[in-house]
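Undergrad: Kindly generate the corresponding structure for this input.
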Amino acid sequence: MQTMLALDRDVLQVAFARTVAGMLHDGPGTALERFAVTGDLDAEAILDELDRVEVPFEEEAWVDALARFVLFTSGERS
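TA: Just a heads-up that it's a prediction; the model follows:
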């Protein structure tokens, strides 16, 4: 826990976003999988994949949070 508290807020946000992407991706070669593994953020491809993700209602907030992260990180604040 101390390690997490010592990390910069931006570092934590990226780690969280990559963790969520890792939970949601449909397999190797997807933009979500690439972001989860390497941190390479292809905003357009990730948002396209998130539009097609099917999760239980309880997990929709994770999809929304990742989409917001991608939008704000890529500068597409809409």
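Undergrad: The most centrally placed residue in the chain: what's its closest spatial neighbour, skipping adjacent residues?
TA: Residue closest to the mean C-alpha point of the chain, counted by C-alpha atoms, centre = their mean, is Ala17 at 3.6 Å. Once flanking residues are discounted, Ala17 sits nearest to Phe69: 4.5 Å by C-beta to C-beta, 6 or more residues apart in numbering. For every residue, glycine as well, the C-beta is placed using N, CA and C.
Undergrad: and whatever helix or strand that neighbour lives in, which residues are buried?
TA: Using DSSP states H and E, Phe69 maps to helix 60-74. Within helix 60-74, the residues scored as buried using 16 or more other C-beta atoms under 10 Å are Trp62, Val63, Leu66, Ala67, Phe69, Val70.
Undergrad: do the same with stretch 25-38
TA: His25, Thr30, Ala31, Leu32, Glu33, Arg34, Phe35, Ala36.
Undergrad: how about the second one, phi and psi?
TA: It refers to Thr30. Torsion angles at Thr30 (phi, psi; degrees, to the nearest 10) stand at phi -80, psi 160.
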